[in-house]
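**Student:** quick one, structure for this:
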Amino acid sequence: MRADDIREMSADEIQSRIAQLEEERFRLKFRSATEPLEDPLRLRWIRKDVARLKTILRERLLETGAKARGE
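**Tutor:** Next up is the predicted model:
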């Protein structure tokens, strides 16, 4: 998922996407303990996508806070 695509999403969409990815990550980690995964790199991609989503969400939060203070 690209940062440009994320920036086009609303805050609610970002939150729901984070929840979906976290659930998928949990399931993959659980499954990896019992059997080998088809795509073990998927865990890394999910982790990085969640980080991107949270970063952009945080940027928006800081941006709205700065606007509220009049900066």
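**Student:** what residues are up against the residue nearest the centre of the chain?
**Tutor:** Nearest to the mean C-alpha position of the chain, by Cα atoms, centre = their mean, lies Val50 at 2.2 Å. Residues in contact with Val50 (Cβ atoms under 8 Å, 6 or more residues apart in numbering) are Ile18, Leu21, Glu22, Arg25. The way it works is simple: take the backbone N, C-alpha and C, and place the C-beta from them, glycine included.
**Student:** looking at these, which is nearest Glu71?
**Tutor:** Ranked by distance to Glu71 (Cβ to Cβ), the contacts of Val50 are led by Ile18 at 27.5 Å.
**Student:** identify the residue spatially nearest to that closest one, adjacent ones excluded.
**Tutor:** The shortest distance from Ile18 to any non-neighbouring residue, by Cβ to Cβ, 6 or more residues apart in numbering, is to Leu53 (5.1 Å).
**Student:** that neighbour contacts Ala19, doesn't it?
**Tutor:** No - counting by Cβ atoms under 8 Å, Leu53 does not reach Ala19; the two are 10.1 Å apart.
**Student:** ranges for the helices of the chain?
**Tutor:** Remark: helices assigned in the chain by DSSP state H are 3-7, 11-34, 41-69.
**Student:** will you turn those into TSV that also has mean pLDDT?
**Tutor:** As requested, the helices of the chain are exported to TSV (pLDDT from 0 to 100):
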stretch	mean pLDDT
helix 3-7	91
helix 11-34	96
helix 41-69	92
